[in-house]
Structure formats: structure tokens, C-alpha cells
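Peer 1: structure for this input, please:
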Amino acid sequence: MISVNSIGVEFSGETLFSDVNFVINENDKIALMGKNGAGKSTMMKIIAGVLKANKGSVQVPKDAVIAYLPQHLLTEDDCTVFEETSKAFGTIFQMRDEINKLNKELETRTDYESQAYMDIIERVTDLGEKFYAIEEINYDAEVEKVLLGLGFKRDDFQRQTNEFSGGWRMRVLLAKMILQAPDVLLLDEPTNHLDLPSIEWLEKYLIHYKGSVVIVSHDKYFLNKMVNKIVEVYQQQLNFYTGDYEYYEVEKEQRVEIQQ
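Peer 2: A predicted model of the protein is given here:
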């Protein structure tokens with residue numbers, strides 16, 4: 001799905017990694033491993049399109065949706081927790097509103113043979129095909145379910161997001177990403193601000209998530225439950241392991257013994 005081609009990154013003359021190649025396939029659950037400073041977060045930002053590599057490229061399918069959860073939240077919001085989380089469905093709501101607006105316009109127009117009228121018909125048809133192809137769900141119920149799963153109480157729903165700490169606002173962002181159901185989730189230390197019940201909820205969600213996941217985390221138990229591939233940033237290159245975290249630890253130890 002996503003192809004990382006010959007990526008190279010340098011900071012102040014120092015090489016972080018060079019000539020890196022790998023592919024994120026559909027349904028991959030990848031843990032990005034490496035020592036602090038190895039470049040894991042940088043790699044995530046490059047895949048997300050937040051940073052540009054000095055060399056190489058990232059190829060992403062035209063219609064693919066990538067959602068990126070950074071390690072540090074940089075924005076603040078001025079609406080309620082529920083309102084901000086509901087923005088996950090913003091594109092769907094915009095389509096619905098535009099369809100309603102165009103249908104009302106068609107009711108009042110009488111220039112049935114004009115190009116303008118035909119353009120509106122074409123636009124309504126195109127939007128309708130996309131909108132009605134989306135599985136009908138109770139959006140408010142979905143928002144409520146995810147917020148409760150991530151540790152919010154019902155009393156929190158109507159509180160302003162700026163009343164919460166950075167860690168709780170990070171949960172709002174994570175909730176929005178989950179509800180958007182993107183093709184690829186990029187998660188940088190998602191469990192840092194979660195309590196145990198919320199971590200368990202997120203773990204179960206990711207295990208059954210139909211898209212691809214790339215995750216950076218120091219929570220070994222969490223990784224072992226949900227990843228099926230390990231990509232290790234090591235000495236400016238990548239090492240690849242197919243399996244869970246326990247398999248990675250055993251294989252890595254064997255590789256080190258062979259190298260020694």
C-alpha cells in the first residue's frame with residue numbers, strides 16, 4: 001500500500017538513516033523499534049507527510065487516508081469534547097449537507113435543459129453514490145462509545161477541550177482518528193497518557209482494526225498483543241522481523257550472537 005523508497009535523513013550534517021526501504025501492506029500491524037534518537041518519530045512524520053526526507057520518496061495510493069497521532073499534541077481547541085470528536089465525520093456531514101442543498105435548488109429551478117441544471121444533477125448523483133455507499137450508523141452513539149472506551153465520563157462530553165490536560169486532549173485526537181477509520185494509523189507512543197482500562201480497550205480495537213497500523217511504543221506487553229511485524233531502526237538502517245514482540249527479542253538476540 002505505502003512504499004518507502006531509499007529514504008535518507010540528515011540533521012546538522014549527521015546522518016540519521018540512509019537508503020531506507022520498506023513497504024506497509026494492507027492489514028500490517030508494525031512496531032517501529034530502536035533506541036531513543038534512532039529516528040523512529042522522524043520516520044513516522046515522513047510517512048505522515050509532516051516532514052520531508054533529504055533523499056528518497058514515500059509513495060501513497062491516491063485515495064489512501066493516513067491518520068497520524070504525534071507524541072506531543074501541538075494544538076488547542078475551543079469546542080466541547082463531543083463536538084471536537086464528532087469532527088471525525090466532518091466530510092460525511094459536508095456531503096449530506098451539500099446533497100440537501102443541491103436537491104432544494106433543483107426543486108426551484110425550471111431550466112431543465114440548461115448545462116447548469118445538468119451539472120447539478122451530475123454533482124448530486126456523484127455525491128449520492130459516495131454518501132449512500134457509506135454504512136449507515138448512529139454517529140452520536142459511535143462517538144460516545146469511543147470516548148467512553150478511552151476513559152472519558154459522560155459528564156466530560158460537554159466540557160471544553162481546553163479544560164483538559166495535554167494527555168486528555170491527546171485522547172480526543174485519538175478518538176477522532178479511530179472514528180475516521182483511515183487506511184493507515186500512525187501512532188507515536190499512544191499509551192503514554194492512557195490508564196490500564198483505556199490501554200486494554202485500544203489494544204482490542206487495534207487487534208480487530210481492518211487497516212494498517214504503524215506504532216512506536218515502549219509498552220512491550222501492548223506491542224506483543226497486537227503487532228505482527230517489527231521494523232527496527234539500527235545503525236542508520238532497518239532490520240525486519242515477522243512476528244510479535246517476543247519473537248523479535250529472541251531473533252534479535254540470536255542476530256547479535258551471530259554478529260559477535
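Peer 1: for this structure, which spans come out with low pLDDT?
Peer 2: Scanning the chain with the threshold set as pLDDT under 70 gives 71-77, 133-136.
Peer 1: helices of that one, start to end?
Peer 2: 40-48, 81-86, 90-108, 115-133, 139-149, 166-180, 196-207, 220-226, 245-259 (DSSP state H).
Peer 1: want to throw those into TSV with mean neighbour count and distance to D156?
Peer 2: C-betas here are computed from N, CA, C, even on glycine. Formatted as TSV, the helices of the chain follow (neighbours: other CB atoms under 10 Å; distance: least, CB to CB, whole Å):
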stretch	mean neighbour count	distance to D156
helix 40-48	21	28
helix 81-86	21	6
helix 90-108	12	21
helix 115-133	12	31
helix 139-149	17	8
helix 166-180	20	8
helix 196-207	16	13
helix 220-226	17	24
helix 245-259	13	33
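Peer 1: for Y68, find the nearest of those.
Peer 2: helix 40-48 (3.7 Å; CB to CB).
Peer 1: re the thing from before, mind putting the helices of the chain into JSON lines with distance to G13?
Peer 2: Shown next, in JSON lines, are the helices of the chain (distance: least, CB to CB, whole Å):
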{"stretch": "helix 40-48", "distance to G13": "16"}
{"stretch": "helix 81-86", "distance to G13": "41"}
{"stretch": "helix 90-108", "distance to G13": "43"}
{"stretch": "helix 115-133", "distance to G13": "48"}
{"stretch": "helix 139-149", "distance to G13": "44"}
{"stretch": "helix 166-180", "distance to G13": "33"}
{"stretch": "helix 196-207", "distance to G13": "38"}
{"stretch": "helix 220-226", "distance to G13": "33"}
{"stretch": "helix 245-259", "distance to G13": "28"}
